[in-house]
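J.: Here is a sequence together with a model predicted from it:
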Amino acid sequence: MNNSANILQLDDVNKSFQASHGCVDVLHSVSLSLVQGEFAIVTGPSGSGKSTFLHLAALLDVPTSGELFFEEHEITSLRSNDLDDLRKNSIGIVFQKYYLLPHRSVFENILFRFRYLDYSSSNAKTMANEALEMMHLNAIADRPARLLSGGEMQRVAIARAIAVVPKLLVADEPTGNLDSSSANAVMDYLRMLNQAGITILMATHNESFLKYCSKHLVCENGRITEQGIS
Amino acid sequence: MWRTIRDIADGIRAQPAGVAISFSAITISIVSLTVLMAVVGGLRDRADEMIDELGVNVIAIINQAEVNETNKSGLRMHHASLLEQNLPDHLVATLRRYDVPTLGANSFLSVVATDSSFADIRQWRLSDGRFLDTRDIDGRERSAVISHTLASQWGWKTGDIIMLRNMPFNIVGIVETGGTALDTEVGDSNLILGERVVFVPKTLVPYWADGSMRTDDRLDAIFLKVPNSTSLKSSEKISRRLLTEPGSHLEDVSWVTPETLIQSINNLGNTISLVAGSVVALALFLAGTTLMSLMLTNVRSRISEIGLRRALGASRQDIISMFLMEACLITGIAAVVAIGGTYLLLVLGRNALPVPVSTGSGTIIIPLVAAFILSITFSYWPAKNAARITPSEALRND
């Protein structure tokens, strides 16, 4: 059953993929919940299933079996279009590879968050400007994304994710391609967003970032367990 | 709208060389289709013009054998009489043609000895005076009706006296003898007559043409106007039966009807459609496969962008629309360039072309519709493939 305070809840979730040599089980019997306002960090070795878990949490994919609740919605029972609506209205996603549109400017990339939302042009621009300011990107607003540094690209990606305030911000190794100072800056921004009330679920290999989180999830061989915060 | 244009621009930027190749292939195929449509339309227009020139509901029986005294099998006046007697509600006109040297000029005029009904049968318009009438025919008057071109070129007018083979003729009218469609397509001088023609009464000729008093009832053609209430086919059948009865001595004549004119044009049109149409179909297919190849490459190279768009809430339909719109825009611009350029060249150079061309709406609309169908047909499958990829898969495959 879904608890109303939970923003995300997984009950005995399994995920497998069809490969040429047969079925590959990636996640096994994952049961956990994420309460509104939490900052959860998932750690674990490469290939342990972190990204698959984050894709499920970001509603980019559906479980093979088990139940996954996003707020009150059980997502396996939703139609594809309803899932698209839920994702665009409630979830912000930050990727390790940023996925910016290289020929568009910083501002246009942030504005792209509204591409499939029904906001008026002026509202969208106002909100994109707020995100731009929050991530301190005003000075490079007109610069094409392909000319940015890694740290700048990731800040643009975060600005795009938070231009519409998400109920859940999913960040898949957002510091993976950054040097330590850029990585720390990005983590500071994420902490700031969390303090502003946004629930964050983040995957990382860097255990030094655990100081930012309120929940530590460890992913190993497709199983996710909750660890205490030291 | 602006967002869609930006999306399409992103797609074009991703594959500029592919877009250029695809654009060229589509342009070439649409140019060839536009030319084909213009020629087929031109032939159809030419068929209509030819029927107008021959006259609606008109049957022309044309002598193919040489008209001379030794040839006994050609058209004769009694053949025309036979038709008049058996088809009393039909208009019958006979035609005998002579080339007469013109006074003071090194050229020949076409002098046509005919009936008073000839202009009515051919539906020619008089620009001045009158055509030959029954008084001219019965009274063997030296009346002449000249073609409009002759009047313009030589300044002759109604009331003038002209000399033909040293005999004076009084010009009683000027007639417009029609266009050049039959001239171009049929090439039979007994049907076309040319532009410099003088019409004289048929009863006058044996006495005038060579000065002899011998009876000469040989004809070059008989024209038969079928009344609206009667079927052209049945009239043709009856007249064929009448003229080919044993003892009629009629051989080597051709029968020209609106149907045979249309048939000759259709045969030409079908040949062109088959030969050029195959090439055009092949060009369209190649253009389509080039477009499909471009779209497949586009989907593959933009897979992470597809993932991003799906992550930001794009539905499968949004992704299909994006790729279809892109294909439609590339094809649409190529089609507009191809049709516009070809149309302009056809309008400017139509007189220099060896075949008739139409610049009607069909020449524009059919290639446009074909371009639209081509873009949808050949880009739907790549677009559908792009939409089938789940966001997770798209992002994982990058």
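T.: Perfect, thanks for sending it.
J.: Going by C-alpha atoms from here, please, whenever you check contacts or count neighbours.
T.: Noted.
J.: Which positions are bridged to B:P101 in the beta structure?
T.: With DSSP bridges applied, B:P101 shows beta-bridge pairing to B:F108.
J.: and the biggest helix by length in chain A, average pLDDT?
T.: When chain A is scanned for its longest helix (criterion: DSSP state H), the result is helix A:180-195. Averaging pLDDT along helix A:180-195 gives 85.
J.: how far away is B:R3 from chain A?
T.: Applying C-alpha to the nearest C-alpha, to the nearest Å, the value for B:R3 to chain A is 7 Å.
J.: how deep is that residue tucked in, by neighbour count?
T.: Taking other C-alpha atoms under 10 Å in any protein chain shown as the criterion, the count of residues near B:R3 is 11.
J.: Touching, it and A:R115? I think so.
T.: Yes: between B:R3 and A:R115 there is a contact under C-alpha atoms under 8 Å: 7.3 Å.
J.: ok, back up a step: quick check, distance from the longest helix of chain A to the centre of its chain.
T.: Using C-alpha atoms, centre = their mean, to the nearest Å, the distance from the centre of helix A:180-195 to the centre of the chain it belongs to is 14 Å.
J.: what angle do whatever helix or strand comes next after that helix and helix A:180-195 make?
T.: Tracing the chain C-terminally past helix A:180-195 and defining elements by DSSP states H and E, one meets strand A:199-203 next. Regarding strand A:199-203 and helix A:180-195, their directions subtend 150 degrees when assessed with axes from the mean of the first three to the mean of the last three C-alpha atoms, to 10 degrees.
J.: what about strand A:199-203, near chain B?
T.: No: contact check for strand A:199-203 against chain B, using C-alpha under 8 Å from any C-alpha of the partner chain: none in range, with a minimum separation of 15.0 Å.
J.: In the stretch 201-350 of chain B, what residue comes closest to chain A?
T.: Nearest to chain A in the stretch 201-350 of chain B, going by C-alpha to the nearest C-alpha, is B:G313, at a distance of 4.2 Å.
J.: measure the residue nearest to that residue when sequence neighbours are not counted to A:R115 for me?
T.: Closest residue to B:G313 in three dimensions, ignoring its sequence neighbours and counting by C-alpha to C-alpha, 6 or more residues apart in numbering or on different chains: A:K88, at 4.2 Å. Separation of A:K88 from A:R115 (C-alpha to C-alpha, to the nearest Å): 10 Å.
J.: what separates A:N81 from chain B, distance-wise?
T.: Applying C-alpha to the nearest C-alpha, one obtains 6 Å for the distance of A:N81 from chain B.
J.: thinking B:A60 is in contact with B:T257, fair?
T.: Yes: under the contact definition of C-alpha under 8 Å, B:A60 touches B:T257, with a separation of 6.5 Å.
J.: Low-confidence regions, chain A specifically.
T.: Screening chain A residue by residue with the criterion pLDDT under 70, one finds the ranges A:1-4, A:228-230.
J.: how about the residues of it near chain B?
T.: When proximity is defined by C-alpha under 8 Å from any C-alpha, chain A lies next to chain B at A:55, A:60-61, A:80-81, A:84-89, A:92-93, A:99, A:101, A:103, A:113, A:115-117.
J.: Tell me which residue of chain A lies closest to chain B.
T.: Residue of chain A nearest chain B, by C-alpha to the nearest C-alpha: A:K88 (4.2 Å).
J.: Helix, strand, or coil at that residue?
T.: The three-state assignment at A:K88 reads helix, by DSSP: H, G, I helix; E, B strand; the rest coil.
J.: That one contacts B:S315, doesn't it?
T.: No: applying C-alpha under 8 Å, one finds A:K88 not in contact with B:S315, separated by 9.9 Å.
J.: Same drill for those two, tell me which one is more crowded.
T.: A:K88 (26 against 22).
J.: residues in contact with the more buried one?
T.: A:K88 is in contact with A:116-117, B:311-314, counting by C-alpha atoms under 8 Å, 6 or more residues apart in numbering or on different chains.
J.: now, among these, which is nearest to A:H28?
T.: B:A311 (24.3 Å; C-alpha to C-alpha).
J.: In this structure that closest one contacts A:R87, no?
T.: Yes: under the criterion of C-alpha under 8 Å, B:A311 lies in contact with A:R87, with a separation of 7.0 Å.
J.: Quick check: neighbours shared by the two?
T.: Counting by C-alpha under 8 Å, 6+ apart, the contacts common to B:A311 and A:R87 are A:L60.
J.: helix, strand or coil for the residue nearest the centre of chain A?
T.: Ranked by distance to the mean C-alpha position of chain A (C-alpha atoms, centre = their mean), the top residue is A:V170 at 1.4 Å. Of the three states, A:V170 takes strand under three-state DSSP.
J.: ok, now the one 5 residues further on?
T.: Using three-state DSSP, the structure places A:T175 in coil.
J.: what's the spacing between the residue lying closest to it once chain neighbours are set aside and A:R155?
T.: Among residues not flanking A:T175 along the chain, A:A183 sits closest, at 5.0 Å (C-alpha to C-alpha, 6+ apart). In this structure, A:A183 and A:R155 are separated by 10 Å, where distance is defined by C-alpha to C-alpha.
J.: Then B:S254?
T.: Separation of B:S254 from A:R155 (C-alpha to C-alpha): 88 Å.
J.: next one: B:L150
T.: In this view, B:L150 and A:R155 are 88 Å apart by C-alpha to C-alpha.
J.: ok, the two, which is more surrounded?
T.: When B:L150 and A:R155 are compared on other C-alpha under 10 Å, the one with more neighbours turns out to be A:R155, at 26 against 19.
J.: and the closest residue to that one other than its chain neighbours, how many neighbours does it have?
T.: In space, A:R155 comes closest to A:M135 once its chain neighbours are excluded; the distance is 6.3 Å by C-alpha to C-alpha, 6+ apart. Neighbouring residues of A:M135 were enumerated by other C-alpha under 10 Å; the total is 19.
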